Each structure stands twice: as structure tokens, then as C-alpha cells.
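Engineer: Attaching a predicted model along with its sequence, questions to come.
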Amino acid sequence: MNQSPAIPSIAARERSVESFTREFLRELTFTQGISLERASVNDKYQALARTVRAYLTTDWLETLSQDKSSSEKGVAYLSAEYLLGRQLDNNLLTADLEDLAREAMQGLGLSLDELREAEVEPGLGNGGLGRLAACFIDSMATEGVPSIGYGIRYEHGIFKQTFEDGHQVEHADNWLHMGSPWEMPHPEMSVEVGFGGTVEGYADDAGRERRRWVPQWNVMGLPYTYMVPGYRNGRVNTLRLWSARATQAFDLKIFNSGDFEDAVRGQTRAETISQVLYPEDSTPQGKELRLQQQYFFVACSLRDYIDQVLPAGTDLAELPDRITFQLNDTHPVIAIPELMRILVDERGWEWDDAWALTQKTFAYTCHTLLPEALEVWPVELLGRLLPRHLEIIYRINDAFLVQVREQFPHDPLRVRHMSIIQEEPVRAVRMAFLATVTAFKVNGVAALHSQLLSDKVLSDFADMYPQKFTNVTNGVTPRRFVAQANPGLSGLITAAIGDGWVSDLDRLRDLEPLAEDREFRLAYAAIKRANRRRFADTLMARDGLEIAEDGMIDAMVKRLHEYKRQSLKLLHIVSLYERIATGKLAIEDVTPRTFVFGAKAAPGYVRAKETIALINHVGATINADASLQGRLKVAFPANYNVTLAEKLIPASDLSEQISLAGKEASGTGNMKFALNGALTIGTDDGANIEIRELVGDENFFLFGMDEPQVAALQASGYSPEKYYAEDEDLRNALDLIASGRFTDGETGGFVASLVASLIERDRFMALADFRSYVDAQERVEAAYADQDGWTRSAILNTARTGFFSSDRSIRDYLARIWRA
Ligand code: NBG
């Protein structure tokens, strides 16, 4: 056998402070060209990050070569978003380098904590879906799954948010302007991707009718590799993000003729593709550039997988035994016709063989229940940008509809409902249907969600292919969201039950008896307080916001969306304020609380932006009211992101998960809060249901209608006016907002439009659930009055939610989908 030269290693042999220091200085001096004396904080952070990266590299290279020679089936996770958060802390933790790095930095007179604050988080995702992808790649590495994540290296991630007079203002997120030390460009692995043009028919040598796509323009996909270390297990997987470049920097002929702008036009068009992340979550915008992004990254990824990851010469017929392409929502679904095109047009396969293989290769995860969130692409646009792919989709649909007619012979309506092509209001391709028809498995992301997918959203498909549908409840990585974010709690847990929980979160169960141990409760409560101080310091440093020394931290952090019902939370706060102001409630009887909001609104989502403005105005009024000082406070730090979440979640007492039942597919913030010992006030929605089942009714504040009740109310005709008329507190709260009390007397504009939309339409039934919510908040106050009892419940939340580790999600994916 051919022995390849050993991969150079600084890892196992040289885990000493001296060699770490030497590596660090080498990076600073020779890679970055700066001396320690003259280096800025950012320079030192970059050198430190590169040093840590160097320690990971050996294992990464070994993982690559090991996976190449192994026949174990792997996973390619296709996702348009990865909301990674900061990398340094996480890599120090997983590679077990924290102590070494701290000592080495100390030896040089540097502070590790100061350097880690210099990292700009890569915000390459909008919210839950992108953060889930980041948790999943972490867990795939920890669970030892040979896998590769594919996505887009957006030049600009999710926008930076500031407030002006309470209104959201968006700024470009220039996260790369100081360079990213974690990525490695691999230009030699660039891939060319075509767009536009025409399709030609021709006869091949054997006289067979063939089709050939002749694109009109091309771009290059340049891969950037990120390493994804498993938790102290020697595996380091790959995340490969694509950046779009022009195939030709500029047209020399045009340039020489003097038209400089025209000469670089092609370059601009190409590089626009990976310029910016679309900031819409849950409501896709159907823009041409978005489709370009989607096709760009999946075309690069399939090509990369086939040419670089598969051992050379592998017969593509082996594909389903080698890999599953997991489609993270509909964003990468155009990969389906792309694989068909590669097989049929480029490799000369027969259609039926290609289709059989494609159906065994893709699996699809759906992340929504909102009908408006299911992506459709107008036929006109798809045909212009990807003419051959449209032909392929038509052919898939024709064959599929024949099958539907065979199975349901007297049901023309069903055929119409199930067609991959919708006719109204414009002819368009329903990407979720294309994914469902093709994939060998379709999963929802929490038990209720998966059930509603088969019963409602995709019920026709579930009738036809019942065996395709399955559930995998989401999870979160315990490395980032407990071990790293909450070192105090981690230390306490490890002292009590050992450190096995970090990669086997079910072990948290062993904490249960300690809920009855007074010493343990005191220690747990002390950690909460310390986390709270740390969060308060962060808010002061970051936003100049001051919060009270004690009292409850009540947090609602998530994207701003009507279905999530930030407005219901706001009505509760306004109602409290109104009842205190009018003497119905004595301030001494109200639990001191800091209401924390964190939320970005999609820039074009007017109602969501109005809600942000109103929250800020109500907050300003409450915070300025001397009689409420030290009792009630509203904190809405701008630009909520993963970095802030890591400080807020461990400090929180109450977690607000108050979506209208049947609308939140899962939620994952809910899991992070519960693990860190915040009690949930929530509806019977998404993964809240599973949280409540696990922690027990007595440790969870349930309120509101359940999904069948919502459906029944909808069917009987929902009238928000009725609730407004009948509930005095609700009416007073809405009237107070409408009166301009929070908006300097301004009663028109966004105030009027928000109030009217709630009273007249209230699409997500906030008014219907108001009374039940306020009652539940009273139960919260009563429970909180018994601090020791509250801590007991908090401990039980931690002890009983190990199920929500993303390691468990990945094991479920393996058992139910990837190795089923
Ligand atoms: C979101 C859901 C959340 C869910 C995450 C991750 C989209 C389209 N969906 O409820 O709204 O937790 O996906 O599955 O962003």
C-alpha cells in the first residue's frame, strides 16, 4: 500500500503553553506581519484564532482522509443559512484549549477575555432555521457522522439593527471587513455555474434524443472551508461556504475601448450573488437574486461533492449508499432538477434510472406551517434563469400527476391541488411539493408540527406516501448553549454528576434528586444571580442600558413576527401599567420585573416594524416613570444576536413562548431557556408541548387555546371586537395605546394602524388569548413569590430537558432518515 507522508501535527504532542505561545507569535509575526508591541486587539484576536485553527487542522485533515477511504454513509446538509455565532469560544471548548490559551495569553500580558470580545459574529442566518443548522453541524461532528455542510458565504450577513426614536434602522453587516481567521479559501476547487440561455435538442451517437443546456452567463463559486470540531472526539468536519466570483474579472476589449464601467459589469453581476443574506424569515420574497443564490450554492455543492468528496472514479449509481442530501427547508430544492440534469444530460443516464436514484438521495425538512412561507417560483422567472431545470420539473410533474390519477381516479380536484405547478395567481413551481414528491423522507421539526404537516399542510401527499412522513424534534447544542454560555451552571452540574453530560445530555436526569437538596438550590440560585450581573454588565457596556439589581428577568427574544405575538406580551405590559396608574393594582403587589425584548423585523415588514416602535415607546414611558423605578423596566437592546443570547439566556427566569397554537413549527429558543433553568410561559405550540410534557405541568405556565380550539374559532368566525368589548382590562390597555399616552400624544400613524389591526382583524388571535395569558402571568407571580420553590422548578427544567440536545436530534435523523 502507498504510505502517504504523515500529516504534520502540533496537536497531541505539543499541548504545552510554550508551543501554544510560539504558534501564536508565529501567526502574529509571520502570517500577519506585525510585532506584538504594535499589534491591535484585533490583530491579537486574529493571531489567537489562527493558532486555535492550527490545532484543529491536523484532526480535520485526518478526518478528511479517513472519510474518503471509509464506506460509511454520510450526510451533505444543504442550507442557505448558518447562524454560527462566535467561533473562538466554541473551538476553545470543543478542542479543550481554553486553559492553555488563557495561560499562554497571560504569559504575554494579554487577556483572553478581552481578545474574545474582538470577534465579530458571522450572522449568516436569520433566526431559528439558520441557528438550527449551526447546532446540527456541531452535533453531527460530535456524534461522529461523516458529514459536510454546504451553504453561502454572504459578504453581508443579517443586518445590524439600531433604533432611531424607537424605530428600527438597518445597517449593512460588514462582518468580513477585518477578515475572518476561521475560513480557508480553496480557489483550486472553484466551480463554474451557468445561468440563463437556451436548451438544445440533439441526437447522440446512438441516435437517442438528448437535451443540452447552453447557459448564457457563468459565475465561479469559490469555496471557503470552515472546520467543525466534534466535542473532544478527534473528528473535525467541514463546512463549505460558497462565494460568487466573476469567471473573468473584466472584459479587456471593452476596457481598452475606454468604457471602464461596462468592462466590470459582468463582475458586478456575478459577485452580487453572494453579497447579502435575504433578511426575510418565514415569508420568502420570490426575488430573482434569491433564486440565483439558491441555484448557485446547490450547483456548486453537488459538483463539489461529486468531484472532490466522492473518491475519484466512484460510479454515481452508488450515490444513495454513500450520501443523503438533506434539504434544509425549500431553499436548496432546486438541487433536485440539478442532479437530474447532471445524470441525464451530462452522464447520459436514462430518465427512469436517474429519477429512481434521485428519489433515494434527497430528504426534506419542512420548517413552517404558514402557507405564505412555502416558496413558489414563477414559471416565467425559473424558465428564464434555469430553462433546462424547468423542463425537468415539468417532466417530473407530468409523471407524478399520472400516478395521482391512477391512485385517485375520480378526483380531478386532488390532481389540481397536488400539482407541482400552481396555476393561480401566476403559474409557479411549488418547491415544497417538488421536495415532497422527490424526497424519500419528509420531516417536521416537532411532534405537533409533523402531525399538522401530514394532517393539513401536505395531507394529500401524506395520503399518497404515508411512509415518507416522519418527525424529528429540533434540538440545541449543549456545548454552546450550556457549557460555553453558562460556565457557572456547567461547573455546578459537573461537580454534581461528572462531565459526561456535555456530550450525553440525558444524564442531566441525575440532577433531579438534587432539586430537593437545599444546598444545591442555594448554589443554583446564586449562579442565576451571578449570570444576571454578567448580563447587566453586558447591557451596560453594549447599550448603556441599566437594569435592576434583582427581580425577575422575563425574556421574549425571537424574530418579530405577528404569529409569535410580541403584541400580546406588550398588551400584558401595558395592562399592568394601566392598572397601576389607575390605582387598580398596588405597585407593591406587582413582582419586580425586567421585560427583555430582542427582535429584528424584516426591513419590508411594516407591521413588525411598527410593533418594534411601539414596544420601544411603551418601554421609554415605563422606564421614565419615577413611581415604577426599581419595580418595572423594559429593556430592548438593539441588534439581538447569538452573542447576546449567550449572555441573556443563562440570566433569565421566565421564557416567553406565546405564539398562536399551530403556527410555531418548533422554536429552539424555548429549549435553550428551559435547559438554563428559565420557566416557560407558553401556548400548546411547537416544541413547547414536548417541553411541558417533560418538565411537568407544575413547572410550566400553560395558557391559551390549543390548535383544535384555534381551528374551531377560526371556522366559527373570529371576532376580535367581541373580546375588546367584553374584557375591560384589554379594552383599557388598547385604549391607552390609542390615546397616544406612549407616543407623545400622537394617535395617528403607526399607533392607529396597530390598534386597528388588532381590534378589527387580529390575524393571530392575541385578543382571544389575552385573558388566559394575564391569568397565567398571575400564576407566575404567585410562584415567583416562593423563591425557593421557583428554584426547585428551575432545576427540574434543567434536569428534565436533556432530550433537547441536538445530539439526540441527529441520532433521530440517523435512525429515521439517514440510515433508516
Ligand atoms: C423556523 C420555525 C421555527 C423553528 C426553526 C427551526 C423558518 C422557516 N422556520 O419554529 O419558524 O424552530 O425554523 O426548525 O425559519
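Structural biologist: Great, that's in hand. What you see is a predicted model; the values in this text were computed from it and never measured.
Engineer: In the sheet, which strands lie alongside the longest strand anywhere in the chain, parallel or antiparallel?
Structural biologist: Using DSSP state E to define each element, the chain has its longest strand at strand 217-229. Partner strands and pairing direction for strand 217-229 (DSSP bridges) are strand 184-185 (antiparallel), strand 191-195 (antiparallel), strand 236-246 (antiparallel).
Engineer: so where is the protein shaky, pLDDT-wise?
Structural biologist: Along the chain, the model assigns pLDDT under 70 to residues 1-13, 249-250.
Engineer: Over to residue 469: give its phi and psi.
Structural biologist: phi -90, psi 130 (degrees, to the nearest 10).
Engineer: Contacts for stretch 686-698, please.
Structural biologist: Contacts with stretch 686-698, where a contact means C-beta atoms under 8 Å, 6 or more residues apart in numbering, come from 445-449, 473-474, 657, 659, 664-668, 670-671, 674, 680, 682, 684, 700, 702, 793, 796-797, 800-801, 803-804. Where you see a C-beta, it was placed from the backbone N, CA and C, and this is true even at glycine.
Engineer: Show only the entries of these found in helices.
Structural biologist: In this view, the contacts of stretch 686-698 that belong to helices under DSSP state H are 447-449, 670-671, 674, 793, 796-797, 800.
Engineer: Just the buried residues of the residues you listed.
Structural biologist: 447-449, 670-671, 674, 793, 796-797, 800 (16 or more other C-beta atoms under 10 Å).
Engineer: just to revisit the earlier point, using CSV, write out the CA atom coordinates for the longest strand of the chain.
Structural biologist: Only the C-alpha atoms of strand 217-229 are listed here, as CSV (Å, rounded to 0.1, in the frame of the first residue of the first chain):
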residue,chain,number,x,y,z
TRP,A,217,-23.7,33.5,-18.5
ASN,A,218,-21.5,31.9,-15.8
VAL,A,219,-20.1,32.6,-12.4
MET,A,220,-17.4,31.0,-10.4
GLY,A,221,-18.1,29.5,-7.0
LEU,A,222,-15.1,29.9,-4.7
PRO,A,223,-15.2,27.6,-1.7
TYR,A,224,-14.3,28.7,1.8
THR,A,225,-13.8,26.0,4.3
TYR,A,226,-14.6,26.2,8.0
MET,A,227,-13.7,23.5,10.4
VAL,A,228,-16.4,22.0,12.6
PRO,A,229,-14.9,20.1,15.5
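Engineer: Please state the offset of that strand from the chain centre?
Structural biologist: On the basis of C-alpha atoms, centre = their mean, to the nearest Å, strand 217-229 is displaced by 20 Å from the centre of the chain it belongs to.
Engineer: Renumber starting at 27 from here on
Structural biologist: With 27 as the first residue, the last one maps to strand 243-255.
Engineer: Please name every helix or strand in contact with the longest helix seen in the chain.
Structural biologist: Secondary structure of the chain per DSSP H: the longest helix is helix 67-95. Under the contact definition 3 or more C-beta pairs under 8 Å, 6 or more residues apart in numbering; DSSP states H and E, helix 67-95 sits against helix 43-52, helix 114-120, helix 124-133, helix 138-142, strand 243-255, strand 262-272.
Engineer: Out of these, which one sits most buried?
Structural biologist: Burial among the helices and strands packed on helix 67-95, expressed as mean neighbours by mean count of other C-beta atoms under 10 Å, is greatest for strand 262-272, which shows a mean of 23.
Engineer: between that strand and helix 67-95, how many degrees?
Structural biologist: 110 degrees (axes from the mean of the first three to the mean of the last three C-alpha atoms, to 10 degrees).
Engineer: circling back: of the strands paired with strand 243-255, which approaches the ligand most closely?
Structural biologist: For the strands paired with strand 243-255, the distance to the ligand is smallest for strand 262-272, at 17.9 Å, taking C-beta to the nearest ligand atom.
Engineer: For this protein, what lies in contact range of the ligand?
Structural biologist: The chain comes close to the ligand at residues 153-155, 158, 307-308, 355, 393-394, 399, 471, 500, 690-694, 712, as judged by C-beta under 6 Å from any ligand atom.
Engineer: again, only this time at 5 Å
Structural biologist: Residues of the chain lying close to the ligand (C-beta under 5 Å from any ligand atom) are 154-155, 158, 307-308, 393-394, 471, 690-694.
Engineer: mind giving me a markdown table with those and columns for neighbour count and distance to residue 577?
Structural biologist: Converted to a markdown table, the residues of the chain next to the ligand look like this (neighbours: other C-beta atoms under 10 Å; distance: C-beta to C-beta, whole Å):
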| residue | neighbour count | distance to residue 577 |
| --- | --- | --- |
| 154 | 25 | 29 |
| 155 | 26 | 34 |
| 158 | 27 | 32 |
| 307 | 24 | 32 |
| 308 | 22 | 33 |
| 393 | 21 | 36 |
| 394 | 25 | 36 |
| 471 | 29 | 34 |
| 690 | 30 | 28 |
| 691 | 29 | 33 |
| 692 | 27 | 30 |
| 693 | 26 | 25 |
| 694 | 26 | 27 |
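Engineer: Closest one of those residues to residue 757?
Structural biologist: residue 690 (27.6 Å; C-beta to C-beta).
Engineer: and the gap between the closest one and residue 274?
Structural biologist: Residue 690 sits 47 Å away from residue 274, going by C-beta to C-beta, to the nearest Å.
Engineer: measure the residue in the stretch 727-846 of the chain positioned nearest to the ligand to residue 746 for me?
Structural biologist: Across the stretch 727-846 of the chain, no residue is closer to the ligand than residue 835, which sits at 9.9 Å (C-beta to the nearest ligand atom). Separation of residue 835 from residue 746 (C-beta to C-beta) stands at 37 Å.
Engineer: residues in contact with residue 757?
Structural biologist: 750-751 are the contacts of residue 757 under C-beta under 8 Å, 6+ apart.
Engineer: One more: residue 348?
Structural biologist: Counting by C-beta under 8 Å, 6+ apart, the residues that residue 348 touches are 97, 99-100, 336, 340.
Engineer: could you redo the last one with a cut-off of 10 Å?
Structural biologist: For residue 348, the contacting residues are 97-100, 102, 172, 331, 335-337, 340, 342, 387, by C-beta atoms under 10 Å, 6 or more residues apart in numbering.
Engineer: Show me how to select, in ChimeraX, the buried members of the residues you listed.
Structural biologist: ChimeraX command restricting the contacts of residue 348 to the buried ones, with burial defined by 16+ other C-beta under 10 Å:
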select :100,102,172,331,335,336,342,387
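Engineer: Quickly name whichever of the contacts of residue 348 is closest to residue 438.
Structural biologist: Distances from residue 438 to the contacts of residue 348, taken by C-beta to C-beta, are shortest for residue 387, at 32.0 Å.
Engineer: What are the phi and psi values at the closest one?
Structural biologist: Backbone dihedrals for residue 387, given as degrees, to the nearest 10, come out at phi -110, psi -30.
Engineer: Quick check: residue 507 touching residue 694?
Structural biologist: Yes - at 9.3 Å, residue 507 counts as touching residue 694 under the criterion of C-beta atoms under 10 Å.
Engineer: which residues are common contacts for the two?
Structural biologist: In contact with both residue 507 and residue 694: 157, 161, 830, 832, using C-beta under 10 Å, 6+ apart.
Engineer: what's the most distant pair in the residues you listed?
Structural biologist: 157 and 830 (13.4 Å).
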